[in-house]
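Participant: sequence below, structure please.
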Amino acid sequence: MLFDTTQLALERAIGGAAQRHQALAANLANVNTPGYQRVDVDFQSALRGALSSDDARSALERTSFAAQRDATAVSRADGNSVDSDAESAKLAANALEQQAAVTVAQARIQILKSAMGVA
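Facilitator: Down below sits the predicted model:
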């Protein structure tokens, strides 16, 4: 196979980070919406679980991510559980993680291209 388990994990991490970015952006967009409960996408735990399984490649192929309500978030008097400062920090950290995964994936692809003699 041209792409190994590591490359597949990187691709899944990039996709998971994209989904998390959407969830965090939705949280920020709803920071003043009464009753809104923050959501998050815990793709890191799903990836860890898949990578620790006996057949990591198959587990990664079946891994999917979904936004879920954060039951640990503290609600304000209006029922909203979004802290804009914390959400902004999470958004920035997620963007850095996604960019790191993209950079590593691109480097691995470039190495493969070089090994095949494709420029």
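Participant: does Ser75 touch Ser81 like I think?
Facilitator: Yes: between Ser75 and Ser81 there is a contact at 4.5 Å, judged by C-beta atoms under 8 Å. Heads up, the C-betas are built off the backbone N, CA and C, glycines and all.
Participant: look at the two and report which has more neighbours.
Facilitator: Using other C-beta atoms under 10 Å, the more surrounded residue of Ser75 and Ser81 is Ser81, with 20 against 13.
Participant: which pLDDT does the model give that one?
Facilitator: On pLDDT, Ser81 comes in at 97.
Participant: could you look up the SS state of the nearest residue to it once chain neighbours are set aside?
Facilitator: Closest residue in space to Ser81, ignoring its immediate chain neighbours: Ala73 at 3.7 Å, by C-beta to C-beta, 6 or more residues apart in numbering. When classified by DSSP: H, G, I helix; E, B strand; the rest coil, Ala73 comes out as coil.
Participant: what's near enough to touch Ala73?
Facilitator: 37-38, 81-83 (C-beta atoms under 8 Å, 6 or more residues apart in numbering).
Participant: and for Ser75 and Ser81, which residues touch both?
Facilitator: Gln37.
Participant: which of the residues in stretch 17-25 are buried?
Facilitator: Across stretch 17-25, burial judged by 16 or more other C-beta atoms under 10 Å covers 17, 19-21, 23-24.
Participant: measure the residue nearest the centre of the chain to Ala66 for me?
Facilitator: Residue closest to the mean C-alpha point of the chain, counted by C-alpha atoms, centre = their mean, is Ala17 at 2.4 Å. With distances taken as C-beta to C-beta, to the nearest Å, Ala17 is found 14 Å from Ala66.
Participant: please report how far Asp40 lies from Leu28.
Facilitator: For Asp40, the distance to Leu28 equals 12 Å [C-beta to C-beta].
Participant: so those two - more neighbours on which side?
Facilitator: A direct count of neighbours by other C-beta under 10 Å for Asp40 and Leu28 places Asp40 higher, at 19 against 14.
Participant: what's across from that one in the sheet?
Facilitator: Assessed by DSSP bridges, Asp40 has beta-bridge partners Gln68.
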